[in-house]
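> Quick one: sequence plus predicted model below, questions after.
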Amino acid sequence: MHCTYDIEKTYRENYESGPNLPPDVGSVPPTPTKRFMGFELNSRLGIAAGLLLNSKWIAAYSRLGYDLLTYKTVRRSYRPCYPLPNWVFVTDDGALKGPIYRSHRGHQTDHQITSAVCFGMPSMAPEVWRKDVAVARNALSSGQRLIVSVVATPEEGWGITEIAEDFARCALWAKEAGADIVEANLSCPNVCTAEGSIYLDPDFSHEVAATLRERISNTPLLLKIGYFEEPDGLAEFLNRIDGVVDGVTMVNGITRPVLELDGRPVFGPSYEKAGVLGRAIHPASVQSVAFAREVILRDQLDLEILAVGGAALVDDIEDFFQAGAGAVLMGSSPMYRPLLAIEAKQAHPRW
Ligand SMILES: Cc1cc2nc3c(=O)[nH]c(=O)nc-3n(C[C@H](O)[C@H](O)[C@H](O)COP(=O)(O)O)c2cc1C
């Protein structure tokens, strides 16, 4: 298996020297133009916030045929990455709760991979990322669009208003730098402070969305959300943010304790819980997308769904389109299956 991100190396090393692409990538088949969120796109296939660390990663994956490319979440100020390990393979136990255990990639074929990440949403300083977002935007071809993911960095004593303002400041910087779409990350499985679970509070989410909307005016705006255990919570959330944002990106990794076989937390005692990604979360992600679609139709909401969660095969992408997604994003699989967009375009040029 060829990995474009070296999980043995630090985030910084991967930022500087990645991605490590396979030598022969073939060519991207031409596809008819589609309209999505007001844009003309080569396809409605893309990469979610995470793997694309900077403009070099964006440029490389745009050449591999991914057309909605998300720049990994950025902040108002520099934030280092948590110490290694940041990304490990785990064994899919078919569950969504309780501990999940580290494995070695030899035990899994590439499309069955489940992994867990714990980065802590690192960010370069704004002087760095604002320039680099512009470089990333310029690297795209026609029919491709750049999403920039932003998050707030709450300080002691901040309330909802200050946090919403912080999101809005980053969103405006992203827009000025060339983002076609801004995504506010309301969920992070490995961050314990307020910015990690805003999506579970519909009023808080609405306030952030409204502040962002006011600040970036008509730039398309998405909210990235995590998994709702209770479907009613998802329905309430969607109704609360309808009319303010253009869509939702769902879902983020599902939070679980990630342990070594001997019970020690893989990411260290401070970060026992982390985001589980890949095969293990695919059925639940498809179910959430289908439910969100049902709510959107039932309550006549004006929201797009960008689906993410465990898509590593063409069939997985199809699951999401059938569930009602407007676009499908891959989170972790383009690291070990970088040619997935090419495969999908060969099989389904109309996606
Ligand atoms: C290396 C890596 C880093 C990630 N960092 C972020 C992030 O900064 N912001 C975010 O919203 N999601 C982040 N994610 C989560 C993905 O966007 C996605 O929601 C998750 O991986 C589930 O999709 P998957 O099962 O296709 O991997 C990250 C994922 C990976 C693989």
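Yep, it's here.
> ok, for the residue in the stretch 201-350 of the chain that the ligand sits nearest to, nearest residue in space, not its chain neighbours?
Going by CB to the nearest ligand atom, the ligand is nearest to Gly331 of the stretch 201-350 of the chain, at 2.4 Å. For glycine as for every other residue, the C-beta is placed from the backbone atoms N, C-alpha and C. Once flanking residues are discounted, Gly331 sits nearest to Ala48: 4.4 Å by CB to CB, 6 or more residues apart in numbering.
> show me the contacts for that neighbour.
Thr70, Lys224, Thr249, Leu306, Val308, Leu329, Met330, Gly331 (CB atoms under 8 Å, 6 or more residues apart in numbering).
> hmm, which two among the residues you listed are most spread apart?
Lys224 and Met330 (14.3 Å; CB to CB).
> ok so, going back, narrow the contacts of Ala48 to just the buried residues.
Thr70, Lys224, Thr249, Leu306, Val308, Leu329, Met330, Gly331 (16 or more other CB atoms under 10 Å).
> what residues are up against the second one?
With contacts defined as CB under 8 Å, 6+ apart, the neighbours of Lys224 are 48-49, 149, 183-187, 199, 248-250, 252.
> ok but Leu277 is inside a strand, no?
Yes. Membership of Leu277 in a strand is supported by DSSP: H, G, I helix; E, B strand; the rest coil.
> per-residue confidence at it?
With respect to pLDDT, Leu277 has a value of 97.
> do His104 as well
Per the predicted model, pLDDT is 74 at His104.
> try Pro80
Pro80 is given a pLDDT of 97.
> Do I have it right that it meets Pro122?
Yes. When contacts are counted by CB atoms under 8 Å, Pro80 is listed as touching Pro122 (5.8 Å).
> Would you mind naming what in this protein lies close to the ligand?
In this structure, the chain approaches the ligand at residues 48-51, 72-73, 87, 117, 119, 121, 149, 185, 224, 252-253, 277-278, 281, 308-311, 330-333, judged by CB under 6 Å from any ligand atom.
> Buried among those? Make that a ChimeraX selection.
In ChimeraX, this line selects whichever of the residues of the chain next to the ligand come out buried by 16+ other CB under 10 Å:
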select :48,49,50,51,72,73,87,117,119,121,149,185,224,252,253,277,278,281,308,309,310,311,330,331,332,333
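> Now, the residues of the chain next to the ligand that are in helices?
Ser333 (DSSP state H).
> Now do the helices in the stretch 51-200 of the chain.
55-62, 126-139, 160-177 (DSSP state H, counting those that start in this stretch).
> I'd like to know which of those helices is closest to Thr4.
helix 55-62 (7.9 Å).
> Can you tell me the number of residues neighbouring Val28?
20 (other CB atoms under 10 Å).
> Surely it and Ile342 touch.
Yes. Using CB under 8 Å, Val28 is in contact with Ile342, at 5.6 Å.
> Now the host helix or strand of Asn14: average pLDDT?
Assessed by DSSP states H and E, Asn14 sits inside helix 11-17. Helix 11-17 shows a mean pLDDT of 98.
> Could I get the buried residue list for it?
Tyr11, Asn14, Tyr15.
> Show me what that helix is packed against.
The helices and strands touching helix 11-17, judged by 3 or more CB pairs under 8 Å, 6 or more residues apart in numbering; DSSP states H and E, number zero.
> next helix or strand past it?
In N-to-C order, the element after helix 11-17 by DSSP H and E is strand 34-36.
> among the residues of the chain next to the ligand, which are in strands?
Lys72, Thr73, Trp87, Val117, Ser149, Asn185, Lys224, Leu277, Gly278, Val308, Met330 (DSSP state E).
> In terms of distance to Pro23, which of these ranks first?
Checking those against Pro23 with CB to CB, the nearest one is Met330 at 21.5 Å.
> So what sits opposite that closest one in the bridge?
Ile47 (DSSP bridges).
> And it, what's its pLDDT?
pLDDT for Met330: 98.
> quick one: low-confidence ranges for the stretch 101-250 of the chain?
105-108, 190-195 (pLDDT under 70).
> quick one: contacts for Ile342?
Val25, Gly26, Ser27, Val28, Pro29, Leu64, Gly65.
> which SS class is it?
Under three-state DSSP, Ile342 comes out as helix.
> Can you check the pLDDT for the closest residue to the ligand within the stretch 1-150 of the chain?
Using CB to the nearest ligand atom, the closest approach of the stretch 1-150 of the chain to the ligand is made by Gly50 at 2.6 Å. pLDDT for Gly50: 97.
> how far does stretch 79-98 sit from the chain's center?
15 Å (CA atoms, centre = their mean, to the nearest Å).
> can you pull the contacts of the residue in the stretch 101-250 of the chain that the ligand sits nearest to?
Proximity of the stretch 101-250 of the chain to the ligand (CB to the nearest ligand atom) peaks at Asn185, 4.1 Å away. Shown in contact with Asn185 (CB under 8 Å, 6+ apart): Ala49, Thr73, Met121, Ser149, Val150, Val151, Glu195, Lys224, Asn252.
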